[in-house]
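1. coordinates only, sequence not included:
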């Protein structure tokens with residue numbers, strides 16, 4: 001009997017308890033522990049959203065929904081599990097567990113729609129290196145921002161949110177910023193622009209007059225990160241006087257974790273309020289069955305095609 005193909009649903013990782021914060025931050029910083037001030041700031045932001053991020057729970061829900069879809073359409077062909085970039089079980093742990101269960105082929109999908117060599121590509125490179133050392137074939141789903149189900153979900157979320165906002169509201173599509181140096185010849189900015197255009201067109205937004213792009217959650221390092229930052233975009237929008245509201249669409253994220261629940265729902269909302277603008281935030285996809293089914297289909301296509309991202 002052919003062993004099932006193992007599917008790993010991958011995310012960034014998040015602390016499970018407050019005591020995990022130091023290890024989490026240290027892993028992100030490649031072994032450099034955070035200062036007391038940095039640790040206090042991170043703890044403050046987690047406290048503001050209720051103490052813990054829902055990322056791990058929501059990724060597990062996404063994986064479960066993907067797994068049910070795969071089992072319905074290809075009974076016995078796939079097993080599905082979760083692994084993380086910066087917390088246990090790490091990517092390598094997930095691969096080892098799949099190998100221990102007898103998997104000889106593994107497909108990975110990152111719960112981030114758009115590809116950058118520095119983000120999604122890094123997950124897959126780590127997985128390929130570890131799998132190769134064990135003589136196992138690993139293939140990663142490069143991106144999935146263009147899935148019809150994802151575009152439709154986000155367009156519906158935009159239309160739904162706009163109903164509660166002034167008629168002359170500007171829509172800003174946001175995603176995680178990255179350092180300028182890693183974006184040279186990288187597909188990430190173009191995929192974000194193309195993906196936003198697909199959603200905007202489906203939602204019936206006017207070309208550029210009704211929507212734009214912004215970046216968020218840049219790292220606190222001296223090097224330049226891609227902008228404009230969402231707070232800057234909101235301030236600029238208020239200063240023009242051409243809009244009474246702003247709708248933020250975090251199409252680069254799939255669950256309401258720290259970058260959404262704090263950076264947008266608290267910080268960006270406060271910036272908008274401070275400049276007299278109504279504020280709204282479109283829903284993320286979470287574990288929407290239609291989107292997860294479409295991701296499952298892309299997993300099947302990736303498994304059938306082989307190759308590396």
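-> Cool, the structure landed. Remember, predicted model here, so these are calculated numbers, not experimental data.
2. buried sites along stretch 234-253?
-> When burial is assessed from 16 or more other C-beta atoms under 10 Å, stretch 234-253 yields the following buried residues: 234-235, 237-238, 243-253. All C-beta spots, glycine's among them, are computed from the backbone N, C-alpha and C.
3. same deal with stretch 106-118?
-> For stretch 106-118, burial by neighbour count (16+ other C-beta under 10 Å) applies to 106-117.
4. what is the helix or strand where residue 158 lies packed up against?
-> For residue 158, the host element (DSSP states H and E) is helix 148-162. Under the contact definition 3 or more C-beta pairs under 8 Å, 6 or more residues apart in numbering; DSSP states H and E, helix 148-162 sits against strand 169-176, helix 188-203, strand 245-249, strand 278-281, helix 289-305.
5. how distant is the second one from the center of its chain?
-> What separates the centre of helix 188-203 from the centre of its chain is 15 Å, taken as C-alpha atoms, centre = their mean, to the nearest Å.
6. rewinding a little: next, the buried residues of the helix holding residue 158.
-> By neighbour count, with 16+ other C-beta under 10 Å as the criterion, the buried positions of helix 148-162 are 149-158, 161-162.
7. need those residues in CSV with distance to residue 54 and pLDDT, can you?
-> Listed next are the buried residues of helix 148-162 as CSV, based on distance: C-beta to C-beta, whole Å; pLDDT from 0 to 100:
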residue, distance to residue 54, pLDDT
149, 22, 98
150, 20, 98
151, 24, 98
152, 24, 98
153, 18, 98
154, 19, 98
155, 24, 98
156, 22, 98
157, 18, 98
158, 22, 98
161, 20, 98
162, 25, 97
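8. before we move on, back to that, and the buried residues of stretch 106-118, which of them are in helices?
-> Residues from these lying in helices, with DSSP state H as the criterion: none.
9. of all those, which comes closest to residue 207?
-> Within those, the smallest distance to residue 207 is 20.9 Å, found for residue 114 (C-beta to C-beta).
10. what's the burial count for the closest residue to that closest one other than its chain neighbours?
-> Closest residue in space to residue 114, ignoring its immediate chain neighbours: residue 191 at 4.3 Å, by C-beta to C-beta, 6 or more residues apart in numbering. By other C-beta atoms under 10 Å, the residues close to residue 191 number 20.
11. residue 191 and residue 112 touch, don't they?
-> No: between residue 191 and residue 112 there is no contact under C-beta atoms under 8 Å: 10.7 Å.
12. from what I can see residue 53 touches residue 261, true?
-> Yes: judged on C-beta under 8 Å, residue 53 makes contact with residue 261 at a distance of 7.4 Å.
13. so if I had to pick from these two, which one is more boxed in?
-> For the pair residue 53 and residue 261, the greater number of neighbours falls to residue 53 (24 against 20), based on other C-beta under 10 Å.
14. spit out the contact partners of that one.
-> With contacts defined as C-beta atoms under 8 Å, 6 or more residues apart in numbering, residue 53 is in contact with 14-15, 46, 257-258, 261.
15. per-residue pLDDT of the closest residue to residue 221 other than its chain neighbours, please?
-> If you skip the residues right next to it in sequence, residue 221 has residue 179 as its closest partner in space, 7.3 Å away by C-beta to C-beta, 6+ apart. We note a pLDDT of 97 for residue 179 in this prediction.
16. surely residue 179 and residue 225 touch.
-> Yes: with contact taken as C-beta under 8 Å, residue 179 and residue 225 are classed as touching, separated by 5.5 Å.
17. need the residues touching each of the two.
-> With contacts defined as C-beta under 8 Å, 6+ apart, the residues shared by residue 179 and residue 225 are residue 219.
18. which stretches in the chain count as strands?
-> Under the criterion DSSP state E, the chain contains strands at 5-11, 78-84, 105-110, 137-140, 169-176, 211-216, 245-249, 278-281.
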